[in-house]
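Chemist: sequence plus the predicted model coming up.
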Amino acid sequence: MNQNRDFYAGLVATVFFAIVLFVLIPIYVKVPSFIPGFAPPPDMWPRVVAVIGLVMGILALVLAFPKSRKASGETVTSLGFYVNRNKVFITRFVLLLVLFVTFVYGLPVIGFVPATVLLLGILFLMTGNFGNKVWMIGLTIIFPVLLYLLFTEVTHTPFPEGMLFSNSLSDLVTLI
Amino acid sequence: MWNELLFAFQSVATLPNFLAMFAGIWGGVIIGAIPGMTGTMAVTLALPFTFYLPPVTSLLLLVALYKGSTYGGSISAILIKTPGTASAACTVLDGYPLARAGKGGKALNMALISSCIGDFISNISLFFLAMPLAMFALRVGPPEFFMLMAFSLTIVASISGRSLVLGIIAACLGLLLATVGEDIYGSYRFALSEDMKSGLGMVPVLIGLFALPELIKMIVFRPEDNSQAMKLGDNRLTLSEFRGSIKSICRGSVIGVILGAIPGIGPSTAAFFSYSEARRTSKNGDKFGEGELEGIAASESANNGACGATMIPLLALGVPGDVITGVMLGAFMIHGLTPGPLLFQNNLGEVYSLFIGMLFSSLFLFIAGKLTAGAFTKISRIPQTLLLPCILILCVYGIYSIGASPFDVTVLLVMGVVGFAMMLLNIPAAPFLIAFILGPMFEDNMRRSLAISRGDLGVFFQSWISWGFFILTILFVTLTIRREWKKWRDRRASAQSAS
C-alpha cells in the first residue's frame, strides 16, 4: 500500500511541478523590462524550486515503481481499481468539496452567519454520528451566533450581511 | 545603578502595574489560543486603552499581551491541532500526538514551563545584554540572513519522516506557494486572481494544512472511534521528563534570544531553528513528530525566548524588529519616550522599570497559563464529531477577522483539501510548513545580496557569521547524504537476503 502511495505521490508531484514549470511560470510570472542593478529576475526562484520538485517527483516515481510492481504481483494497482473500491469514500469527499465551494460562493449571497450555521449543520450531518442530536442542533444555531457577537464586538470585524437578508439578520443577532 | 534599580522596583511593584500585567498575560493567552487571533491583533486592540495609563503600566500591558499570546498559541496547537499563532506551528508536530495519546495536560505543562523559562532567560538577556546583542544584530545583513535561512531549511531532512524525497517534494510545494503575490521588486507571481496579488496569508495556510485534514478524514472515512472523546491520562509532568528536556529548553531559550534580537526574524523562525537543533542532538531525535515532550520544550522555549528579545533592537537602537514591536514603538512615542541609545540616558528609570516588570511577567505567565490551560484541557473531553466541525467554524471566523477577506477563508478551505491529499499520499506536512515560513526570507535575502554585490557570489562569504552557517549547512547536508546512503544499502542488503 505504501509503495502504491509513493508511486502516486511521485506521479502527482511530477505532473504538478511540470505544469508549474512549463505552463504557469511562463504565463503568470512576468519578467519586468528593467531590473535595478544585478537583481535576479522574479522567475528565477520559482524555476529553481519547480525544477527541484520535478526531479524529486521523477525520483519518487523511479524509486517506487519496481517496489510497487513487486508488491502487487507485477502490476501497479490501477487508479480505476482504487476508484471502484473506494466509491463511498470518494462520494463523501466530492460532497464535502461541493459543500465548501457552495459555502464560498454562497457567503456573499446569504451572509456570514446563515452560511456558517448551514455549514456547521451539514458538517454535523456528514459526520454520520447522531448520538448527540441535542448538542448538534444547539451548537449549529448558537455557536456561529456567539462567534459573530465575539468578533463584531471585540475586533469590530465587518462580516458580510448577504444580499438576500441585508442588515436585518445582523440587527436581529445583535439584538439577541 | 543599584539605587536606580531599587527605585524602579518600587515604582513597578504597585497594584495597577500587577493588574495590568496579569490582565495582559491572561488576555493574551486567551486571544492566542483562538485560531486566527494573533498577538499583533491583541496589542493593536489594547493600544487605545494605554492612552489613559502611565507610560510604564501601558508598556507592561502591551508586553504582557505579546508574551501571553505567544504562549496561548500552543494551547490550541496541542489540543486541537490548530496553531493559534504562527509561532506555535512547530508545537503541533509533537503536541497533538501527545494529546491524542491522552497526554494533553502533560504537553500543556511542558509548553508552559518551557515558555516561562524561555521568557525569563530572554528578560535577563534584555537586562544585561541589550547593547551587545543589538550590535551583533546590526552585523547581520542580507548575506548572513541568507546563510542562516539556508541552514534552517536543512531541517527538512530531519522532519521528512519515512521518505526524504517526499519531504523535499513537500518543501518545494511550500517554497512555491510562498512565492505567490508581489515580490520585493514589485513583480507579481502566480497572481491568478486579483486577491492573489497580495500573496497567501500565513495563518490561513497553516491552519488549513493542520486543522482541516482531520475533519475531512473524519467525514470521509468515519472511523469508529470518532464519537469518543480523547483519552485523559496522567497529566502531571514528572521531574525526570523535565530533566530530560532541560537541555533543549536552555538551548531553545538562547536561540530565541539571539534570533529574536535580529530584526525581521521573529519567534516562528526561532521555534523551528530550536526544534531542528533539538532533533539533531537529542537521543530521542527519532521520536520527534510522534509525540516527544522535548520537541514541545524546544519550540516553546524558543518562541517565548524571542518575545523579550525582539525588544532589544527596539530599546537599544530604536529599530522595531516586527509588526508588534512596531506598534510598541508607537506606544513609546505616545508617552513621550523615544527608543534608541538616548533612551538609556534620558529615561533610565522607565527602562529599568520596564525590565523589572518584564521579569515579573514571567511569573504571571506561569500563573495565568496554569489556570487557563487547566480550563482548556476540558476540550479533550468533547467527542470528535462535535469538536472538529466547531473548530472549522471557529477557524472560519478567526481567519475572516484578520483581513475581512473572503479570499482568506477560501485559502483556508483549499489548504485543508491540499493537506488531506498530502495525508493520503504520505507527503509530510511539516517540511511544507517550514519551507512556507522560511522561503520568503531565504529568497528575498538571496536576491537582495546578489543585487547589492551586482551578481558576485562572494558576497555570501564575506563575514565569519556567513562562513559559520555555511560550514554547518555543508556539514549537515553531508551527514544527511551519508545517512540516506547507509539506509539505502541496508534496505538493499535485507531485500537480497530475503530473496
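Modeler: That came in fine, so what should we check first? Remember, it's a predicted structure, so these values are computed and weren't measured experimentally.
Chemist: rest of the way, CA atoms for contacts and neighbours
Modeler: Will do.
Chemist: what's the neighbour count on residue 16?
Modeler: Using chain A. 16 (other CA atoms under 10 Å in any protein chain shown).
Chemist: looking at chain B here, not the other one
Modeler: The tally of other residues near residue B:16 (other CA under 10 Å) stands at 13.
Chemist: now residue B:283
Modeler: Neighbour count of residue B:283, defined by other CA under 10 Å: 10.
Chemist: which regions of the chain lie under the pLDDT threshold?
Modeler: Assuming you mean chain A. A:1-3, A:35-38, A:66-79, A:164-176 (pLDDT under 70).
Chemist: try again with chain B
Modeler: B:1, B:36, B:224-234, B:321, B:380, B:499.
Chemist: spatially central residue in it, please.
Modeler: residue B:87 (1.8 Å; CA atoms, centre = their mean).
Chemist: pretty sure that residue sits against residue B:303.
Modeler: Yes - the criterion here is CA atoms under 8 Å, and residue B:87 meets it with residue B:303 at 6.3 Å.
Chemist: dump the residue contacts of residue B:477.
Modeler: residue B:154 (CA atoms under 8 Å, 6 or more residues apart in numbering or on different chains).
Chemist: buried sites along the helix or strand containing it?
Modeler: Secondary structure from DSSP states H and E places residue B:477 in helix B:464-498. By neighbour count on 16 or more other CA atoms under 10 Å in any protein chain shown, the buried set for helix B:464-498 is B:465-466, B:469-470, B:472-473, B:476-477, B:480.
Chemist: likewise stretch A:104-122?
Modeler: Buried-residue list, stretch A:104-122, by 16+ other CA under 10 Å: A:104, A:106-121.
Chemist: same question for stretch B:42-61.
Modeler: By neighbour count with 16+ other CA under 10 Å, stretch B:42-61 contains the buried residues B:42-44, B:46-47, B:50, B:53, B:55-61.
Chemist: residue 46 - nearest residue in space that isn't next to it in sequence?
Modeler: Reading this off chain A. Of all residues not flanking residue A:46 in the chain, residue B:176 sits nearest, at 6.1 Å (CA to CA, 6 or more residues apart in numbering or on different chains).
Chemist: that's the wrong chain, I meant chain B
Modeler: Closest to residue B:46 by CA to CA, 6+ apart is residue B:62, at 7.1 Å.
Chemist: the helix or strand hosting the one you found packs against which elements?
Modeler: In this assignment (DSSP H and E), residue B:62 forms part of helix B:55-80. In terms of contacts (3 or more CA pairs under 8 Å, 6 or more residues apart in numbering or on different chains; DSSP states H and E), helix B:55-80 is packed against helix B:15-33, helix B:39-46, helix B:89-100, helix B:104-139, helix B:293-309, helix B:323-334, helix B:348-376.
Chemist: and those helices: which comes nearest residue A:29?
Modeler: helix B:323-334 (28.7 Å; CA to CA).
Chemist: and that closest one, what does it pack onto?
Modeler: helix B:39-46, helix B:55-80, helix B:311-317.
Chemist: ranking those by burial, who's on top?
Modeler: Ranked by mean neighbour count under mean count of other CA atoms under 10 Å in any protein chain shown, these are led by helix B:55-80, which reaches a mean of 30.
Chemist: ok so, going back, can you redo the helices and strands packed on helix B:323-334 as TSV with distance to residue B:417?
Modeler: Putting the helices and strands packed on helix B:323-334 into TSV (distance: least, CA to CA, whole Å) gives the following:
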stretch	distance to residue B:417
helix B:39-46	27
helix B:55-80	18
helix B:311-317	39
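Chemist: distance check, the residue nearest to residue B:46 against residue A:7.
Modeler: Separation of residue B:62 from residue A:7 (CA to CA, to the nearest Å): 51 Å.
Chemist: check residue B:141 too.
Modeler: Distance from residue B:141 to residue A:7, by CA to CA: 43 Å.
Chemist: name the residues of the stretch 201-350 of chain B found near chain A, please.
Modeler: Counting by CA under 8 Å from any CA of the partner chain, the residues of the stretch 201-350 of chain B close to chain A are B:216, B:218-222, B:227.
Chemist: list only buried entries from these.
Modeler: Using 16+ other CA under 10 Å as the burial test, these include B:216, B:218-222, B:227 as buried.
Chemist: what's the helix or strand for residue B:398?
Modeler: Using DSSP H and E, the element containing residue B:398 is helix B:384-403.
Chemist: that helix - contacts with which helices or strands?
Modeler: helix A:112-126, helix A:133-154, helix B:202-221, helix B:406-424.
Chemist: can you say which of those helices is packed in most?
Modeler: helix B:202-221 (a mean of 24).
Chemist: who are the packing partners of the helix ranked longest in chain A?
Modeler: As assigned by DSSP state H, the longest helix anywhere in chain A is helix A:44-71. Applying 3+ CA pairs under 8 Å, 6+ apart, one finds that helix A:44-71 contacts helix A:2-19, helix B:164-178.
Chemist: can you list contacts of the following helix or strand past the shortest one?
Modeler: Going back to what we said before, that points to helix B:164-178. Counting by DSSP H and E, the next helix or strand C-terminal to helix B:164-178 is strand B:181-182. Identification of contacts with strand B:181-182 by CA under 8 Å, 6+ apart yields B:188-191, B:196-200.
Chemist: and if you look at stretch A:95-114?
Modeler: A:115-116, A:119, A:144-145, A:148, A:159-165, B:216, B:406, B:409-410, B:413.
Chemist: from what I see, residue B:108 and residue B:373 are in contact.
Modeler: Yes - the pair residue B:108 / residue B:373 is scored as a contact, 6.8 Å apart, by CA under 8 Å.
Chemist: any shared contact partners between residue B:87 and residue B:303?
Modeler: B:70, B:267-268, B:271.
Chemist: returning to that earlier point: so which of the helices and strands packed on helix B:55-80 is the most surrounded?
Modeler: Most buried of those, by mean neighbour count (mean count of other CA under 10 Å): helix B:293-309, with a mean of 35.
Chemist: dump that one to CSV, keeping only the CA atoms.
Modeler: Only the C-alpha atoms of helix B:293-309 are listed here, as CSV (Å, rounded to 0.1, in the frame of the first residue of the first chain):
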residue,chain,number,x,y,z
LEU,B,293,7.9,16.3,25.0
GLU,B,294,11.4,17.6,24.2
GLY,B,295,10.1,18.8,20.8
ILE,B,296,7.5,20.9,22.6
ALA,B,297,10.1,22.2,25.0
ALA,B,298,12.4,23.2,22.2
SER,B,299,9.9,25.1,20.2
GLU,B,300,8.1,26.8,23.1
SER,B,301,11.2,28.0,24.9
ALA,B,302,12.5,29.5,21.7
ASN,B,303,9.3,31.3,20.6
ASN,B,304,8.8,32.9,24.1
GLY,B,305,12.6,33.5,24.3
ALA,B,306,12.3,35.5,21.1
CYS,B,307,9.5,37.6,22.5
GLY,B,308,11.5,39.6,25.1
ALA,B,309,14.5,39.7,22.7
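Chemist: and it with helix B:55-80, angle?
Modeler: 160 degrees (axes from the mean of the first three to the mean of the last three CA atoms, to 10 degrees).
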